[in-house]
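# Any chance you could fold what I've pasted below:
(one chain, ligands or ions: 1)
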Amino acid sequence: MQRTRIKICGITREEDLSAAVAVGADALGFVFYPKSPRYVTPARAGALCAGLPPFVSGVALFVNPTLAEVQEVAAAMPLALIQFHGDETVEQCAAIAAAVQRPFMRAFRVKPDTIPGTLLECELAYRTASPWFSSLLLDTYVDAYGGAGKVFDWSLIPKELAPRVVLSGGLNVHNTTDGVVRLRPFAVDISSGVEAAKGIKDARKMAAFVAAVRAADATIHSETYHAEHPIQGSA
Ligand SMILES: O=C(O)c1ccccc1NCC(=O)[C@H](O)[C@H](O)COP(=O)(O)O
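Model prediction:
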């Protein structure tokens with residue numbers, strides 16, 4: 001049965017980390033961009049991750065980091081995945097990931113005039129450049145780089161790409177079921193849509209969001225099952 005992976009980003013408090021784990025998040029994101037209201041220091045992330053149980057991935061999010069900044073985070077927390085969310089080049093991402101020996105996601109910030117083929121070209125360029133490349137995270141282009149709670153035009157996502165991406169940008173309990181059923185992304189990523197305030201997660205919103213994703217998974221399973229097992233005698 002399809003199970004859409006879930007990343008909850010921008011964790012800054014122990015109670016929010018515990019609540020996100022309790023509702024079933026597969027990955028937790030920690031923001032190392034100082035201009036973000038969700039920013040945490042490497043030491044703070046390390047202290048938070050003391051409560052990170054097995055099989056829940058720690059994701060470190062950067063905007064145009066130096067190698068030293070990523071190395072400091074890699075030394076401070078259980079770093080399963082790097083998320084490059086700035087203007088980093090292919091070469092810079094590949095070099096940093098190789099130096100710290102960690103896989104990475106490339107955030108592609110989608111604009112209204114983004115050409116769908118560009119997304120496929122971007123994925124190919126990264127997959128060709130680095131064995132550490134994991135996937136594209138498709139987010140909405142905003143001046144603050146991310147975490148803005150704004151949705152982009154999902155019709156820009158090529159059908160052949162959708163199963164390999166992390167869908168992000170303005171997700172919430174009201175739109176994610178439709179998004180997951182329509183696009184069937186490998187994973188979804190959320191920050192604003194499960195917050196009471198920037199950097200302060202709301203446990204009830206997190207639970208409702210996960211339930212919406214699971215409802216979508218059940219719909220997909222049902223559709224797939226009935227397509228493969230037509231009711232006998234049906235016209
Ligand atoms: O979360 C931030 O504050 C942030 C700041 C700068 C760059 C990226 C940032 N977040 C990246 C994420 O992975 C967010 O989860 C993603 O942008 C979606 O955020 P939202 O639209 O609020 O769900």
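# Which pLDDT value goes with residue 228?
Model confidence at residue 228, given as pLDDT, is 73.
# Tell me, how many residues neighbour it?
Neighbourhood size, residue 228 [other C-beta atoms under 10 Å]: 7. In short, each C-beta sits where N, CA and C put it, glycine included.
# name the element residue 181 belongs to?
helix 176-183 (DSSP states H and E).
# Who are the packing partners of that helix?
Helices and strands touching helix 176-183, by 3 or more C-beta pairs under 8 Å, 6 or more residues apart in numbering; DSSP states H and E, are strand 166-167, strand 187-190, helix 203-228.
# Tell me what angle the lowest-mean-pLDDT helix or strand in the chain forms with helix 176-183.
Taking mean pLDDT, DSSP states H and E as the measure, helix 203-228 is the helix or strand of the chain with the lowest mean score, a mean of 90. Inter-element angle recorded for helix 203-228 and helix 176-183: 30 degrees (by axes from the mean of the first three to the mean of the last three C-alpha atoms, to 10 degrees).
# So for helix 203-228, what gets flagged as buried?
203, 205-210, 212-214, 216-217, 220 (16 or more other C-beta atoms under 10 Å).
# From those, pick the one nearest the ligand.
residue 209 (10.0 Å; C-beta to the nearest ligand atom).
# can you tell if stretch 74-82 touches the ligand?
No - between stretch 74-82 and the ligand, judged by C-beta under 6 Å from any ligand atom, nothing touches; the nearest distance is 11.2 Å.
# ok, now stretch 148-159?
Yes - applying C-beta under 6 Å from any ligand atom, one finds stretch 148-159 touching the ligand at 148-149.
# quick one: contacts for the residue lying closest to residue 147 once chain neighbours are set aside?
Using C-beta to C-beta, 6 or more residues apart in numbering and skipping the chain neighbours, the partner closest in space to residue 147 is residue 191 (5.0 Å). With contact set as C-beta atoms under 8 Å, 6 or more residues apart in numbering, residue 191 has these partners: 8-10, 29, 38, 146-147, 149.
# Tell me where the model's unsure across the protein.
Residues of the chain meeting the criterion pLDDT under 70: 234-235.
# Close to the ligand: what parts of the chain are there?
Contacts of the chain with the ligand, taken as C-beta under 6 Å from any ligand atom, map to 9-10, 29, 31, 33, 36, 38, 61, 63, 85, 139, 144-149, 168-171, 189-193.
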